[in-house]
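> Got a predicted structure here, sequence first:
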Amino acid sequence: MPPEEDVNELGKFFASQYYGLLCREPDQMRRFYAQHSTMIRVIDGNDTTIILGIFSLL
């Protein structure tokens, strides 16, 4: 298992890349998803939406 510092640095790097691209070029967000990607979105702790597949995500 990698050291905790490495895992934290990886998380920081991913978040900076993900949210940086979201702000600068939202139409390029597809780079982070594959054909079978899934996302679960919870709004206000009540409504849950499950999205399957890259075309549903974008």
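Looks like it came in fine.

> Residue ranges in this structure under the pLDDT threshold?
Residues of the chain meeting the criterion pLDDT under 70: 1-2, 55-58.

> after the longest helix along it comes which helix or strand?
Across the chain, the longest stretch assigned as helix under DSSP state H is helix 4-24. Going down the chain from helix 4-24, the next helix or strand is strand 38-43, by DSSP states H and E.

> Next, the buried residues of that following strand.
By 16 or more other CB atoms under 10 Å, strand 38-43 has no buried positions at all. No exception for glycine: its C-beta is placed from N, CA and C like everyone else's.

> ok, it: who's next to it in the sheet?
strand 47-52 (antiparallel) (DSSP bridges).

> mind listing what's buried in the partner strand?
Neighbour counts over strand 47-52 (16+ other CB under 10 Å) mark no residue as buried.

> follow-up on the earlier one: so what's the gap between the longest helix of the chain and the chain middle?
Remark: helix 4-24 is offset 10 Å from the chain centroid, using CA atoms, centre = their mean, to the nearest Å.

> same question, stretch 40-49
On the basis of CA atoms, centre = their mean, stretch 40-49 sits 16 Å off its chain's mean C-alpha point.

> what's the first-to-last distance across that stretch?
Using CA to CA, to the nearest Å, the end-to-end distance of stretch 40-49 comes out at 6 Å.

> Touching that stretch from outside, list them.
50, 51 (CB atoms under 8 Å, 6 or more residues apart in numbering).

> hmm, back to that, and the longest helix of the chain, which residues are buried?
Buried, per 16+ other CB under 10 Å, within helix 4-24: nothing.

> Other residues contacting that helix?
By CB under 8 Å, 6+ apart, helix 4-24 touches 28, 29, 31, 32.
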